[in-house]
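**Student:** return a 3D structure for these sequence lines:
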Amino acid sequence: MEQILALREELEKALSNLQLPEQPAKLYQPVRYTLENGGKRMRPVLVLLGCKLFSEDISNAIHPALGVELFHNFTLVHDDIMDEAPVRRGKPSVYEQWDPNVAILSGDAIFIKAYQELLQTDKNVILPILDLFNKTALEICEGQQLDMDFEQRNDVSIDDYLHMITLKTAVLLGASLKIGALTGGASEDQAQALYDFGLNCGIAFQLQDDILDVFGESKKVGKQKGGDILANKKTFLLLKAQELATGKTEEVLADWISSSNSSTDKVEGVTSIYDELNVRELAEERMWRYFNTGIAALEKVGANEKWKSVLLDFSRSLMHRES
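**Tutor:** Sure, this is the predicted structure:
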C-alpha cells in the first residue's frame with residue numbers, strides 16, 4: 001500500500017536521525033542492532049494513521065510514534081530474555097547475540113529514549129498522551145507478569161489467557177491509534193473509538209501469532225517454529241486442546257506437556273493433537289470475531305474517509321499474513 005509505505009519511510013528517516021553515542025559500545029550497539037532489525041513498524045504506523053484521520057499534518061505525531069516504537073522494542077528485548085527466545089525477526093535476539101546483562105541494560109536505554117521522544121510531543125496534548133502511555137506501559141508489565149505466572153499454573157482458562165494478551169499486546173495497539181488521534185486534534189470520544197478498534201484488532205493479531213507459531217513457516221514468521229509448544233506456553237491453542245481432549249488424546253497431550261523433550265518430536269506430537277481436535281479452526285474463528293468487533297468500532301469514528309479506508313486495508317493486510 002503506497003500510503004503505508006510513505007508513512008514507514010517517514011518513520012525510518014526519523015529513526016535514522018536518532019542520536020546515539022558510540023560509547024559504551026556494549027550499551028549502544030545492541031540498541032542499533034534492535035532498531036535496524038526492522039519489523040513491521042506497525043505500532044508507530046498506527047500512531048501516524050490515527051493522526052491522519054483528523055489532520056493531514058503528521059509533524060506532531062512523529063515524536064510520539066518514535067516513542068511508541070522505541071518502547072515496543074524495549075519490551076521485545078526484555079521479553080526475549082524472560083521467554084528464553086533465541087530468535088527475533090529472523091536474527092539472534094539481543095541476549096543471544098551478546099548476553100542477558102547487556103540485553104537488560106540496552107533495553108533500559110531504549111526505554112529512556114522512548115520517553116525522550118514522547119516528551120517532545122506538542123504541549124497541548126502531551127499530558128493526556130503521557131497519562132495514556134504510562135497506563136499502557138503498566139498494563140503491559142501486568143500482562144507479561146501474568147504470562148509468566150501462567151507457566152506455573154494448571155488452572156488457566158481461555159478467559160484468563162484473553163485477558164493476559166489484552167494487557168500484554170492489545171493495549172499498545174489501541175494506545176498507538178489513540179495517541180495519534182489526539183495529536184491530530186480528535187475529541188476524546190473519537191480517540192476512544194479508535195482505541196477500541198485497535199484493542200480488538202490487537203487481540204486478533206495475537207491469536208494469529210499463536211496460530212503462526214505452530215502452523216507458520218519459521219523463515220516467514222521470523223521466530224522459532226513451535227516455540228510456544230516447546231515452552232509449554234498456555235496459548236489459546238493449547239488451552240482449547242486441553243478443554244476438548246478426552247481419553248487417550250488427553251493422556252498423550254498431558255505427557256507431552258510434562259515432558260522435558262525439546263525436539264521437533266514434541267512440536268509434531270502436539271501439533272497432531274491440535275489437528276485432531278480442530279483447534280486451529282477454532283482459534284481462527286475467535287480471531288475473526290475480535291477483528292470484526294474492532295471493525296464495528298472503527299465504523300463509529302467520524303473522520304477522513306480516505307484514511308479510514310487506508311487504516312482498514314492495512315489492518316486487513318495484517319490479518320492475511322503468510323502461514
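
**Student:** can you show me the CA trace of the helix or strand where Glu250 lies as CSV?
**Tutor:** Using DSSP states H and E, Glu250 maps to helix 247-258. Extracted C-alpha coordinates of helix 247-258, given in CSV (Å, rounded to 0.1, in the frame of the first residue of the first chain):
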residue,chain,number,x,y,z
GLY,A,247,-9.4,-40.3,26.7
LYS,A,248,-6.1,-41.4,25.1
THR,A,249,-5.7,-37.9,23.4
GLU,A,250,-5.9,-36.2,26.8
GLU,A,251,-3.3,-38.6,28.2
VAL,A,252,-0.9,-38.1,25.3
LEU,A,253,-1.3,-34.3,25.4
ALA,A,254,-0.6,-34.4,29.2
ASP,A,255,2.5,-36.5,28.6
TRP,A,256,3.8,-34.0,26.0
ILE,A,257,3.2,-31.1,28.3
SER,A,258,5.0,-32.8,31.2
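
**Student:** what's it in contact with?
**Tutor:** Asn232, Leu238, Ala241, Gln242, Ala245, Lys266, Gly269, Val270, Ile273, Glu276, Leu277 (Cβ atoms under 8 Å, 6 or more residues apart in numbering). For every residue, glycine as well, the C-beta is placed using N, CA and C.

**Student:** mind listing what's buried in the helix or strand following that helix?
**Tutor:** Using DSSP H and E, the helix or strand that follows helix 247-258 in sequence is helix 264-277. Going by neighbour count (16 or more other Cβ atoms under 10 Å), the buried part of helix 264-277 is Lys266, Val267, Gly269, Val270, Thr271, Ile273, Tyr274, Leu277.

**Student:** cool, and stretch 131-145?
**Tutor:** Leu132, Phe133, Thr136, Ala137, Glu139, Ile140, Gly143, Gln144.

**Student:** and the second one, what are its phi and psi?
**Tutor:** Here the main-chain torsion angles of Phe133 (degrees, to the nearest 10) amount to phi -60, psi -50.

**Student:** which non-adjacent residue is nearest it?
**Tutor:** Nearest non-adjacent residue to Phe133, counting by Cβ to Cβ, 6 or more residues apart in numbering: Leu118, 6.1 Å away.

**Student:** could you do the fourth one as well?
**Tutor:** If you skip the residues right next to it in sequence, Ala137 has Phe71 as its closest partner in space, 6.8 Å away by Cβ to Cβ, 6+ apart.

**Student:** mean pLDDT per helix and strand in this structure: which one sits at the bottom?
**Tutor:** helix 218-221 (a mean of 52; mean pLDDT, DSSP states H and E).

**Student:** would you mind identifying the next helix or strand past it?
**Tutor:** helix 227-230.

**Student:** thinking again about what came up before, nearest to Glu305, of the contacts of helix 247-258?
**Tutor:** Nearest to Glu305, judged by Cβ to Cβ, of the contacts of helix 247-258 is Leu238 at 41.4 Å.

**Student:** so Asp122 sits in a helix?
**Tutor:** No. Asp122: not assigned to a helix; according to DSSP: H, G, I helix; E, B strand; the rest coil it is coil.

**Student:** strands of this protein, start to end?
**Tutor:** Along the chain, the stretches classed as strands by DSSP state E are 87-88, 91-92.

**Student:** so which of the ones you listed is nearest Ile110?
**Tutor:** strand 87-88 (13.4 Å).

**Student:** that closest one pairs with which strands, and in what direction?
**Tutor:** strand 91-92 (antiparallel) (DSSP bridges).

**Student:** how distant is the lengthiest helix in the chain from the center of its chain?
**Tutor:** In the chain, taking DSSP state H as the definition, the longest helix is helix 188-215. How far helix 188-215 lies from its chain's middle: 9 Å, per Cα atoms, centre = their mean, to the nearest Å.

**Student:** same deal with stretch 236-246?
**Tutor:** 24 Å.

**Student:** ok, stretch 249-266 next?
**Tutor:** 28 Å.

**Student:** distance of the residue nearest to Ala137 relative to Asp80?
**Tutor:** 15 Å (Cβ to Cβ, to the nearest Å).

**Student:** and the two? which has more neighbours close in?
**Tutor:** Phe71 (25 against 21; other Cβ atoms under 10 Å).

**Student:** number of nearby residues for the residue nearest to Thr235 when sequence neighbours are not counted?
**Tutor:** Residue nearest to Thr235 in three dimensions, not counting chain neighbours: Asp210, with 4.3 Å by Cβ to Cβ, 6+ apart. Asp210: 21 surrounding residues under other Cβ under 10 Å.
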